[in-house]
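Sequence first, predicted model second:
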Amino acid sequence: RKEVEQDPGPFNVPEGATVAFNCTYSNSASQSFFWYRQDCRKEPKLLMSVYSSGNEDGRFTAQLNRASQYISLLIRDSKLSDSATYLCVVNKGAREKLVFGTGTRLLVSP
Amino acid sequence: GAVVSQHPSWVICKSGTSVKIECRSLDFQATTMFWYRQFPKQSLMLMATSNEGSKATYEQGVEKDKFLINHASLTLSTLTVTSAHPEDSSFYICSARHATSTDTQYFGPGTRLTVL
């Protein structure tokens, strides 16, 4: 079983739609959680950290369910520029290595 | 935010040659740098963790004699792919962690290696 699992997609949605991605992780000792965004042939860029209480940044909302070892990302009012691959990332603690999921591809169409 | 550069951004080489990729933290000191590899439609896979002034720690399955890592200063780490073969063609990405940071890694723009 992979340490971090994501649905690869692609998710095809129209502009303005709301879309949600899920991610599960296998290591219950994981302590830090992140969503990264990666555009084609580019490096990943941190989108947001995920906190136990859930957190929101503009149109993006991330949630963590430690009991189910599950992380989610919700994107509201999708824009064409949101088209990218979204990577779920976890690590076991401070100064530990990051473990990346394979990513979920999002395509937002006009 | 912090800036990490990589050089070259892309390289094409013949099979059997060696290729060196540089990773620099431009505006901060990085005691730890990470080297990742990403094949098409796959996720980033950590190859090795490089600590300034000490030997790199390689992940399982990564040949340390083939992928030579040097981290001689707090702002520079290099990855040398020795005797490159077509199966080494990939997107190589480095990241750097600030000396005082616990989690945040700053990624370089990546180097696309094509071995003919």
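Structure received.

Low-confidence stretches in chain A?
Chain A contains residues with pLDDT under 70 at A:94-95.

For it, what lies in contact range of chain B?
A:8, A:32, A:41-46, A:49, A:87, A:91, A:94-95, A:97-103 (Cβ under 8 Å from any Cβ of the partner chain). (Glycine included, C-beta is placed from N, CA and C.)

Of those residues, which belong to strands?
Among the residues of chain A next to chain B, the residues falling in strands (DSSP state E) are A:Ser32, A:Pro44, A:Lys45, A:Leu46, A:Ser49, A:Leu87, A:Asn91, A:Val99, A:Phe100.

Quick one: those residues as TSV, columns for neighbour count too.
Below are these laid out as TSV (neighbours: other Cβ atoms under 10 Å in any protein chain shown):
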residue	neighbour count
A:Ser32	18
A:Pro44	28
A:Lys45	14
A:Leu46	17
A:Ser49	16
A:Leu87	26
A:Asn91	20
A:Val99	21
A:Phe100	24
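
Show me where chain B has its helices.
With DSSP state H as the criterion, chain B has no helices.

Parallel or antiparallel, which strands does the helix or strand of chain B with the lowest mean pLDDT pair with?
Taking mean pLDDT, DSSP states H and E as the measure, chain B has strand B:105-107 as its least confident helix or strand, at a mean of 89. Note on strand B:105-107: by DSSP bridges, its sheet partners are strand B:90-98 (antiparallel).

Next, the angle from the partner strand to strand A:44-50.
Angle, strand B:90-98 to strand A:44-50, by axes from the mean of the first three to the mean of the last three Cα atoms, to 10 degrees: 50 degrees.

Off-centre distance for strand B:90-98?
5 Å (Cα atoms, centre = their mean, to the nearest Å).

tell me which residues in it are buried?
B:Ser90, B:Phe91, B:Tyr92, B:Ile93, B:Cys94, B:Ser95, B:Ala96, B:Arg97, B:His98 (16 or more other Cβ atoms under 10 Å in any protein chain shown).

do the same with stretch A:56-71
A:Phe60, A:Thr61, A:Ala62, A:Gln63, A:Leu64, A:Ile71.

what's across from the residue at minimal distance from the centre of chain B in the sheet?
The centre of chain B sits closest to B:Trp35, judged by Cα atoms, centre = their mean, with a distance of 3.5 Å. Assessed by DSSP bridges, B:Trp35 has beta-bridge partners B:Ala48, B:Cys94.

wouldn't it be in contact with B:Leu79 here?
Yes - using Cβ atoms under 8 Å, B:Trp35 is in contact with B:Leu79, at 5.2 Å.
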